[in-house]
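Colleague: below are the sequence and a predicted model; questions follow.
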Amino acid sequence: MSAMTIEKPWQRWAIRIGVFLAMLVLTVPGLWVMLTAFRPNIEVLARPAIWIPQNWTLDNFARLFGLSASQQGLPVAQYFINSLVISLTSTLVAIVIGMAGGYAFARFSFRGKGPMFLAFMLSRTVPGVALSLPLFMLWARLGIIDTSFGLILVYMAINIPFTIWLTDGFFRQIPIDLSEAAQIDGCTRWQAFWKIEFPLARSGLASAAIFAFLTSWNEYALASQLTRTTASKTMPVGLMDFTAQFTVDWTGMSAMAVLIIIPALVLTFIVQKHLIAGLTFGGVK
Amino acid sequence: MAEVRLNKVVKRYGKLETVHGIDLEIAHNEFVVLVGPSGCGKSTTLRMIAGLEEITGGTISIGSRVVNALPPRERNISMVFQSYALYPHMSVRDNLGFGLKIANMAAPEIEKRVNEAAEILGLGPYMDRLPANLSGGQRQRVAMGRAIVRNPDVFLFDEPLSNLDAKLRGQMRVEIKKLHQRVKTTVIYVTHDQVEAMTLADRIVIMRDGHIEQVGTPTEVFERPVNVFVAGFIGSPPMNQLDAVVRGQMAVLGDGTGVPLPAGLVLSEGQQVVLGFRPESFAPRGHSLHWEGATIAVSRPVVIAEPLGTETILFVELGGKDVQGKMLNPREVHPGEELEFTLDLSRLHVFDKASGRRL
């Protein structure tokens, strides 16, 4: 256990105020989006700004789903399903492959290990948008423009190196003695992995899964290039449906943004309890 | 019956050879300790017996089976790791029963065996705790318990006590010895601590640089070390070793002191030798063991005195080096005080200077 530093009351308050200011900067845009989702359009551009909606309304959501008389709905449900399918599939595949890769990097020595790891990391340094044109041409040739499969492939490529890097670190923290002890206790290498190392790496895999899911769920730049129709358009791309040539439907867009945020929040809360670190403490030494 | 046989066992990592063809036979129920400085190949040897390291050359057999190609789980061994390697996400009970569960043993039988082991090791009150909530000594016991529940042919210990403090180490040493008396099994135990080796072993295997230097009972390796390395490694404080030259029936030290050589030892005139004698064979007059054979006496001022209660270790200069003597029934000694020391010639060890071998 690390020693707790004893701080004076004024220091404690300074820290609290600092944290409050930082959180304010971070959360105000999100808060604004949330509030805007529940206000009538007329309040959005009002000056001075109206912070708390004076007329709370669910009309924006109703319009999204085509429940209001004044406007045709958007295929939000389809976008949502597309987003979910694409994000979940690419996350699942990235975790399975990334975990295997991370384990291999952490436990085995093989030819070209160092350069390969470096290459994976370097792939992270290329901005995704820089790849959008080559990807577009390649995908067009392959005929996978505007398909979920095409986007899943892209997100896997983005997520796998990161998952490998993250899980490599987590497996490295698990002493190799544990796997060896399990093998002496009668396990095959495979059993030793599933019964001992996998449960201990679970928190790492959970974090990797959150990162991969959020990356895919929120990605806009590539998706906007590679999708065309409801066949594959994801939620962030769907946001652009609210911009017309001269107007932007800010409240509708905010309502949809809320729909994007909610699943991400829910997922994060579900997985969060697996993020408790320090589970490996106490096994050795 | 589980005797363990190593036949010309070699370990190579790429071009680097760390174990150079060692031969060793370990009898059923024997407690054998592999001891040596770090890097001598003792842990590698143990891990090859366990199946955690591939055997580059030679054969290892347990009982009547050659196990070279068998994975650890088919060797019917168990091992206590230096780090204990307890499964951190399992309670003590589950740690103990894990191997049995993997072997698909029936639940009541698992419970019976786990409770037996817990009984032997006094783990009863801790069965539902996680390893993180145990003290070092308790973790050590769980690691041993996990090894005994499986009723293996061979027990392997890899420096099991080196993470414990000195007092606990002493206690656990006694417990391991008791355990072996109770659960008769072949034990192979690796340590770098010669005290552990001496106190636990039926036979000690002293290793250096991937070779076996000597195999023998604790008494044998203590009384008749085959070379200067074993002589210096076994015993605490270590054996004094002084360079000397043979002149007739005497060995003459660097400072001109002549020491009579044991009768029957034929050496050539002018041969370079190393004289070895343990601190307990070199004591101030009136403070020695009861020596029966011949002695010689030298008077020397004391350089440093280390009182230990029942004895005092005295450092004096002899043959150009500091040597240690042991004063029994000690009285207070001041540095610089001149004492007459006697050397027990019957316990003199003579080694060849060039080869280091016992003569």
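Modeller: Ah, there it is.
Colleague: show me where pLDDT drops low in the stretch 151-285 of chain A?
Modeller: A:274-285 (pLDDT under 70).
Colleague: now do the helices in it.
Modeller: A:176-184, A:189-192, A:198-218, A:221-226, A:235-238, A:250-272 (DSSP state H, counting those that start in this stretch).
Colleague: how about the ones you listed, which one is nearest chain B?
Modeller: With CB to the nearest CB as the criterion, chain B lies closest to helix A:176-184 of the helices of the stretch 151-285 of chain A, at 3.8 Å. All C-beta spots, glycine's among them, are computed from the backbone N, C-alpha and C.
Colleague: specify the residue ranges that define each domain of chain B.
Modeller: B:4-233, B:240-352 (automatic domain parsing).
Colleague: I'd like the ones you listed as a markdown table, with mean pLDDT and distance to residue A:58 appended.
Modeller: As requested, the domains of chain B are exported to a markdown table (pLDDT from 0 to 100; distance: least, CB to CB, whole Å):
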| stretch | mean pLDDT | distance to residue A:58 |
| --- | --- | --- |
| domain B:4-233 | 91 | 46 |
| domain B:240-352 | 88 | 86 |
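Colleague: and these: which comes nearest chain A?
Modeller: Of all those, domain B:4-233 sits nearest to chain A, with 2.6 Å by CB to the nearest CB.
Colleague: returning to that earlier point: of the helices of the stretch 151-285 of chain A, which approaches residue B:89 most closely?
Modeller: helix A:198-218 (5.3 Å; CB to CB).
Colleague: so what's the residue nearest to the spatial centre of chain A up against?
Modeller: Nearest to the mean C-alpha position of chain A, by CA atoms, centre = their mean, lies residue A:214 at 0.9 Å. By CB atoms under 8 Å, 6 or more residues apart in numbering or on different chains, the contact list for residue A:214 reads A:264, A:268.
Colleague: what does residue A:234 give?
Modeller: By CB under 8 Å, 6+ apart, the neighbours of residue A:234 are A:79, A:82-83, A:86, A:151, A:219, A:223, A:227.
Colleague: so residue B:52 sits right up against residue A:183, yeah?
Modeller: Yes - contact criterion CB atoms under 8 Å: residue B:52 and residue A:183 qualify, at 7.4 Å.
Colleague: find residues that contact each of the two.
Modeller: Joint contacts of residue B:52 and residue A:183 (CB under 8 Å, 6+ apart) are residue B:72.
Colleague: may I have the phi/psi pair for residue A:146?
Modeller: Phi and psi for residue A:146, reported as degrees, to the nearest 10, are phi 60, psi 40.
Colleague: contacting residues for it?
Modeller: Counted by CB under 8 Å, 6+ apart, residue A:146 has contacts A:226-229, A:231-232.
Colleague: strands of chain A, start to end?
Modeller: Listed in chain order, chain A contains no strands at all (DSSP state E).
Colleague: longest helix in it, please.
Modeller: Ordering each helix of chain A by length in residues (DSSP state H) puts helix A:76-107 first.
Colleague: save the helices of the stretch 151-285 of chain A as CSV, and put in distance to residue B:212 too.
Modeller: Listed next are the helices of the stretch 151-285 of chain A as CSV, based on distance: least, CB to CB, whole Å:
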stretch, distance to residue B:212
helix A:176-184, 24
helix A:189-192, 31
helix A:198-218, 38
helix A:221-226, 64
helix A:235-238, 69
helix A:250-272, 54
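Colleague: any figure for the gap between residue A:94 and chain B?
Modeller: Relative to chain B, residue A:94 is positioned 25 Å away (CB to the nearest CB, to the nearest Å).
Colleague: list phi and psi for the closest residue to residue B:68 other than its chain neighbours.
Modeller: Spatial nearest neighbour of residue B:68, excluding adjacent residues (CB to CB, 6 or more residues apart in numbering or on different chains): residue B:55 at 5.1 Å. Dihedral angles of residue B:55 (phi, psi; degrees, to the nearest 10) stand at phi -90, psi 120.
Colleague: pretty sure residue B:55 sits against residue B:11.
Modeller: Yes - the pair formed by residue B:55 and residue B:11 meets the contact definition of CB under 8 Å, at 7.1 Å.
Colleague: which ones are touching the residue nearest to residue B:68?
Modeller: Neighbours of residue B:55 in contact, by CB under 8 Å, 6+ apart: B:9-11, B:48, B:68.
Colleague: secondary structure added to these, as JSON lines?
Modeller: Compiled in JSON lines, those are given as follows (DSSP: H, G, I helix; E, B strand; the rest coil):
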{"residue": "B:9", "secondary structure": "strand"}
{"residue": "B:10", "secondary structure": "strand"}
{"residue": "B:11", "secondary structure": "strand"}
{"residue": "B:48", "secondary structure": "helix"}
{"residue": "B:68", "secondary structure": "coil"}
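Colleague: report the buried members of those.
Modeller: B:9-11, B:48 (16 or more other CB atoms under 10 Å in any protein chain shown).
Colleague: farthest pair in those?
Modeller: Most distant of the buried ones among the contacts of residue B:55, by CB to CB, are B:10 and B:48, 9.5 Å apart.
Colleague: need the residues touching each of the two.
Modeller: In contact with both residue B:10 and residue B:48: B:19, B:55, using CB under 8 Å, 6+ apart.
Colleague: need phi/psi at residue B:38.
Modeller: Residue torsions, per degrees, to the nearest 10, at residue B:38 are phi -70, psi 140.
Colleague: give me the distance between it and residue B:181.
Modeller: 30 Å (CB to CB, to the nearest Å).
Colleague: kindly report the same for residue B:356.
Modeller: From residue B:356 to residue B:181 the distance is 37 Å (CB to CB).
Colleague: ok, now which ones touch residue B:354?
Modeller: residue B:272.
Colleague: ok but it is inside a strand, no?
Modeller: No - under three-state DSSP, residue B:354 sits outside any strand and is assigned coil.
Colleague: okay, now the nearest residue to residue A:89 once chain neighbours are set aside: neighbour count?
Modeller: Excluding the flanking residues, the one nearest residue A:89 by CB to CB, 6+ apart is residue A:152, at 5.1 Å. Residues contacting residue A:152 under the criterion other CB atoms under 10 Å in any protein chain shown number 23.
Colleague: then residue A:36?
Modeller: 21.
Colleague: again with residue B:131
Modeller: Using other CB under 10 Å, residue B:131 has 24 neighbouring residues.
Colleague: give me the low-pLDDT residue ranges for the stretch 1-150 of chain A?
Modeller: A:1-5, A:68-72.
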